[in-house]
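Asker: here is a sequence together with a model predicted from it:
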Amino acid sequence: MAPRKRNARGFSFIFCCFQSNDHPEITYRLRHGSNFALQTMEPSLPMPPVEELDIMFSELVDELDLTEKHREAMFALPAEKKWQIYCSKKKEQEENKGATSWPEFYIDQLSSMAARKTLLALEKEDEEERNKTIESLKTALRTQPMSFVTRFIDLDGLTCILNFLKTMDYETTESQIHTSLIGCIKALMNNSQGRAHVLAHPQSINIIAQSLSTENIKTKVAVLEIMGAVCLVPGGHRKILEAMLYYQKFASERTRFQTLLNDLDRSTGRYRDEVNLKTAIMSFINAVLSQGAGEESLEFRVHLRYEFLMLGIQPVIDKLRSHENSTLDRHLDYFEMLRNEDELSLSKRFDTVHIDTKSATQMFDLIRKKMNHTDAYPHFMSVLQHCLLMPYKRSGNTVQYWLLLDRIVQQIVLQTDKGHDPDVTPLENFNVKNVVRMLVNENEVKQWKEQAEKMRKEHQELQVKLEKKERECEAKTQEKEDMMQTLNKMKEKLEKETSEHKIVKQQVAELSSRLHDLSNVNASSKATTTYHPWWPPTHSWSGPPPPPGPPPLGAPPIPGGPLGSSLKKKNIPQPSNPLKSFNWAKLAENKLEGTVWTQVDDGKVFKILDLEDIEKTFSAYQRQQDFFMTNNNKQKETEDDSVSSRRVKELSVIDGRRAQNCNILLSRLKLSNEEIKRAIMTMDEQEDLPKDMLEQLLKFVPEKSDVDLLEEHKHELDRMAKADRFLYEMSRISHYQQRLQSLYFKKKFAERIAEIKPKVEALTKASKEVLQSRNVRQLLEVVLAFGNYMNKGQRGNAYGFKISSLNKIADTKSSIDKNITLLHYLITILEKKYPKVMLLQEDLKNVPEAAKVNMMELEKDIGNLRSGLKNVESELDFQKSRPQERGDKFVSVVSQFITVASFSFSDVEDSLQESKELFQKAVKHFGEDAARMQPDEFFGIFDQFMQAFTEAKQENDNMQKRKEEEERRARMEAQLKEQREKERKARKARENGEEDGEFDDLVSALRSGEVFDKDLSKMKRNRKRIINQTPEPGSRERPVTKLNF
């Protein structure tokens, strides 16, 4: 909000002319009396001609130093009103004629006062007389005509005031005289000419800032109001920064603004309840941050605010909230909101939610992420490396080295393209643009680019090798960890079985002893037993003899079937070139009798078919040849034959589309056929084949038709295409497909186990949590009470309820407010009566994960692992039964893998069985049907309820905050209304007729915070919009300080 401009210079009667369309009567007040209005003054002299009157009136208006708007209003008055105003002004000047109406009088008085540097020798009356003189000067600067101010400036009156301020002793500094002198400067600046003179003076702002060292609170407030208002004046912001740098040296501060922060934090003695000083300091800080370069530059605001944050302003602001002063809170709110807006803007640059500027690790990670893969990254690393080499001695100039580096970086960030520094330049004659221009050289850049390209290629190659080695190391490490874990578990299991074996062995010995005793007792009775011939012999107890085995393969056909010799031999034409095979299943000759095939004669068909066209269409391979249009020129035909004979013919017998896809896979693998073969034979010990590549290789296993065709052309191996040669080489590996499947299963086994284990563990832990949680039991108890109380008849009087009913609590709406449900109300009751139940989510940490477990899918995964292990074991048995080739490590590697994997799988199976039992116990525990209820349904009920519970709690908190905010707003409006009433009464009761001028209005607007109203309103709207957008879980956004709106 722009400050109101009222340049009255003591003529309160003039402004009554601008308040209505009618021309009012001219009245004026006594200067040193009360608000007593005099009678209308009639001019005693006759009115001159209009032209002459305009000239006289123009001189009068120039003396008043009015704004352009008021000047136009004055000149628009009728001639009679102009003459009345002119006569009243002249009469006032005649009445005020005397020594005190001349600037020379005050300048002499100031000079003599400055000569007497101490107040100790003065009587109290003399001190009061000196203060009265300075107060009189302040009044004169406000009320006397413009000629007085001009004369005072011409006689160097400002220098006299500044010299007095600069040379006064401690007693004078703490006296009312000091405050009055600052008031004189403020009165002088209330005039446009005087303000320009003060700002143009090379030392004026510095000497005014020097007055901050006083302990006189009124003086400090006046100084801060002047300096804050100067920030709002064009060109004044930089002068204030220079003045604060000057005061840092004058007061021996470690950093700028240190004294201000100390005063802001002081809360003892006279500073305990001194809100005016704290308000003035905060208004000055806000002006420094938001004006000048801070209006547009985010970098400048962040740079300058960091100084205040390092001095500890944030905890001080939190403490100042306890004063509960509306004006002070207004300035605190503006500081907080401006900071939040700037941090949000800075975070957006790095695509993150919040940047913790207190965390060196987070800031470094963000910079590294931003710089990574850029040409500047090597220089960034160079800066870090050289920072490691900086001296770190506790004594010496270590701090100065870092200070130099800090200031260089500051100027790089803040300095404009023209070399201008918005802050006071810590390093003079340091132009960033010129320095950068000196560093750039086209030839060097070209060399750097070439070198960077070369290094980039080398880096990529090394990266590939490194990734390969990392995969190999990870695989070996994982295998080692799995092996150690398996051995430990096997050891525990073996110890357990050994102890059980000892117990069983002891029991067997006891039973054998008892059996022996019983045998001795019955020996006599067995001896007298007579053998009866009709008893079956002893050998009849054995089972029947085993059935005969199946006939061996290749046995002769059953007698009576048609023999091959009885069939007519076929005469089948032979193609000149091999053709693609028709993959059919032949019918055995001994099964032809009585079928339609006995009536078929394909020999007739051969005579009808165009065999050449068939041979051309279904040739087993395609030759890459050049076809030319023939003509009768024999020389050209000879030339064509010679060209085609020189070309290398490439042979391809597999499908073109399949060959293309195979070539793509091989190009991605970047391995030769021999390397792929070695990797498969050694079960990929060197981790050359990633899992995704193995999965693709399984799609290109040579089929039987491919193998047959490739075998026919193996003598033309050198001419084979890349894909054909690859399939041929792989087909030479015994049980290639089974090996590949075993290798793929081996690589994926740990990953599949790792996917299953968390699900099983989540199921086990979640079942234990719902069984053991007291808070769940307490919650159900409270909900049961609610239900029995609210329901009547058959629906009430319940001893329990299905847990799915928990998610129906929110369906019951309040009859008072439809936005409030029974769940909101339940949470309110729990917070008051059962606060421990609010920690329900901590009790059920694993329930959300368990709600995602589908038992059918889990058992299916276990079944796939079981069948996969069985297939690998079968292949292992086959490989053991055949002689091992050189370099074949299938048996050794897979044997070791089977040992570890079988135990791991057994462990997972046992865990799953345990989790099933626990889950069924949990389901029965809540009275549900264990046969029908699945984990995702059961735990999903709890998960859904906890989500609704959290959302309802957040809504309760938001409603409470809105309620508190509305109450606070109502209190603030009442306080504001009361404050305005007081200000109105104060203006009415003001005894002298001094009217505030333009600079006073600026100070008043800064003091009240009105100057920040526009920005504050805008930031409030932005903040409300951000608050309405609920942040995602896990976000690291800095909690925003609660603001007073």
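Answerer: Received the coordinates, thanks.

Asker: in three-state terms, how would Phe801 be classified?
Answerer: coil (DSSP: H, G, I helix; E, B strand; the rest coil).

Asker: and for it, the neighbour number?
Answerer: Number of residues near Phe801 (other CB atoms under 10 Å) recorded here: 16. Using the backbone N, CA and C atoms, a C-beta is placed for each residue, glycine as well.

Asker: from Leu830, how far off is it?
Answerer: Taking CB to CB, to the nearest Å as the measure, Phe801 falls 18 Å from Leu830.

Asker: how about Phe700?
Answerer: Separation of Phe700 from Leu830 (CB to CB): 62 Å.

Asker: same check on Arg330?
Answerer: Counting by CB to CB, the gap from Arg330 to Leu830 is 38 Å.

Asker: next one: Asp333
Answerer: Shown here: Asp333 relative to Leu830, a distance of 34 Å by CB to CB.

Asker: next: Arg71.
Answerer: Following CB to CB, the distance that separates Arg71 from Leu830 is 71 Å.

Asker: go on, Ser906?
Answerer: 45 Å.

Asker: more neighbours, these two?
Answerer: For the pair Ser906 and Leu830, the greater number of neighbours falls to Leu830 (20 against 13), based on other CB under 10 Å.

Asker: how close does the more buried one sit to Val783?
Answerer: 10 Å.

Asker: same deal with Met959?
Answerer: On the measure of CB to CB, Met959 and Val783 end up 22 Å apart.

Asker: chain center to stretch 770-790: distance?
Answerer: 39 Å (CA atoms, centre = their mean, to the nearest Å).

Asker: tell me which residues of it come out buried.
Answerer: Going by neighbour count (16 or more other CB atoms under 10 Å), the buried part of stretch 770-790 is Val770, Ser773, Asn775, Val776, Leu779, Leu780, Val783, Phe786, Gly787.

Asker: please export the C-alpha coordinates of it as CSV.
Answerer: Output in CSV follows, covering the C-alpha atoms of stretch 770-790 (Å, rounded to 0.1, in the frame of the first residue of the first chain):
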residue,chain,number,x,y,z
VAL,A,770,-3.2,-58.2,14.9
LEU,A,771,-3.2,-61.1,17.4
GLN,A,772,-1.0,-59.3,20.0
SER,A,773,-2.1,-55.7,19.6
ARG,A,774,-3.9,-54.3,22.7
ASN,A,775,-4.8,-51.2,20.8
VAL,A,776,-6.8,-53.2,18.3
ARG,A,777,-8.6,-54.9,21.0
GLN,A,778,-9.3,-51.6,22.7
LEU,A,779,-10.5,-50.0,19.4
LEU,A,780,-12.9,-52.9,18.8
GLU,A,781,-14.2,-52.5,22.3
VAL,A,782,-14.9,-48.8,21.8
VAL,A,783,-16.6,-49.4,18.4
LEU,A,784,-18.7,-52.2,19.9
ALA,A,785,-19.9,-49.8,22.6
PHE,A,786,-20.7,-47.2,20.0
GLY,A,787,-22.7,-49.7,17.9
ASN,A,788,-24.7,-51.1,20.7
TYR,A,789,-25.5,-47.7,21.9
MET,A,790,-26.6,-46.3,18.6
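
Asker: identify all contacting residues around it.
Answerer: Stretch 770-790 has contacts (CB atoms under 8 Å, 6 or more residues apart in numbering) with 796-798, 800-801, 803, 805-806, 809, 812, 822, 826, 829-830, 834, 836-837, 839-840, 843-844, 847, 918, 921-922, 925-926, 939, 942.

Asker: buried subset of those?
Answerer: 801, 803, 805-806, 809, 822, 826, 830, 837, 840, 843-844, 847, 918, 922, 926, 939, 942.

Asker: was I right about Ile654 contacting Leu727?
Answerer: Yes - Ile654 lies in contact with Leu727 (CB atoms under 8 Å); the separation is 6.6 Å.

Asker: more neighbours: the two, which one.
Answerer: Leu727 (26 against 22).

Asker: that one touches Ser705, doesn't it?
Answerer: No - the criterion here is CB under 8 Å, and Leu727 misses it with Ser705 at 11.2 Å.

Asker: can you list residues touching both of these two?
Answerer: Counting by CB under 8 Å, 6+ apart, Leu727 and Ser705 have no shared contacts at all.

Asker: which residues in the stretch 101-250 of the chain form strands?
Answerer: Read by DSSP state E, counting those that start in this stretch, the stretch 101-250 of the chain holds no strands at all.

Asker: tell me where the model's unsure across it.
Answerer: 101, 116-125 (pLDDT under 70).

Asker: ok, Asn663 to Asp718 distance?
Answerer: Counting by CB to CB, the gap from Asn663 to Asp718 is 18 Å.

Asker: between those two, point out the one with more neighbours.
Answerer: Neighbour count, other CB under 10 Å: between Asn663 and Asp718, Asn663 has more, with 14 against 9.

Asker: check which helix or strand covers that one.
Answerer: helix 656-669 (DSSP states H and E).

Asker: mind giving me the packing neighbours of that helix?
Answerer: helix 691-697, helix 722-731 (3 or more CB pairs under 8 Å, 6 or more residues apart in numbering; DSSP states H and E).

Asker: list the buried residues in that helix.
Answerer: Ala659, Cys662, Leu666, Leu669.

Asker: before we move on, what about stretch 318-333?
Answerer: Using 16+ other CB under 10 Å as the test for burial, stretch 318-333 gives Leu320, His323, Asn325, Ser326, Thr327, Leu328, Asp329, Arg330, His331, Leu332, Asp333.

Asker: with pLDDT added, can I get these in CSV?
Answerer: Output for the buried residues of stretch 318-333, formatted as CSV (pLDDT from 0 to 100):
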residue, pLDDT
Leu320, 88
His323, 85
Asn325, 87
Ser326, 87
Thr327, 88
Leu328, 89
Asp329, 88
Arg330, 89
His331, 89
Leu332, 89
Asp333, 89
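
Asker: which of those fall in helices?
Answerer: Leu320, Ser326, Thr327, Leu328, Asp329, Arg330, His331, Leu332, Asp333 (DSSP state H).

Asker: farthest pair within these?
Answerer: Using CB to CB, the pair of these lying farthest apart is Leu320 and Ser326, separated by 12.7 Å.

Asker: so how far is the host helix or strand of Thr950 off the chain centroid?
Answerer: Here Thr950, judged by DSSP H and E, is contained in helix 935-988. On the basis of CA atoms, centre = their mean, helix 935-988 sits 27 Å off its chain's mean C-alpha point.

Asker: over to stretch 678-689?
Answerer: That offset, for stretch 678-689, works out to 42 Å (CA atoms, centre = their mean).

Asker: same question for stretch 477-485.
Answerer: Counting by CA atoms, centre = their mean, stretch 477-485 comes out at 37 Å from the chain centroid.

Asker: and if you look at stretch 815-822?
Answerer: 36 Å.

Asker: pLDDT of it, averaged?
Answerer: Across stretch 815-822, pLDDT averages out at 81.

Asker: what of stretch 453-472?
Answerer: 84.

Asker: buried ones in it, by neighbour count?
Answerer: Neighbour counts over stretch 453-472 (16+ other CB under 10 Å) mark Arg471 as buried.

Asker: run through who's touching it.
Answerer: Gln686, Glu687, Asp688, Pro690.

Asker: just the buried members of the residues you listed?
Answerer: With burial judged by 16+ other CB under 10 Å, the buried subset of the contacts of stretch 453-472 is Glu687, Asp688, Pro690.
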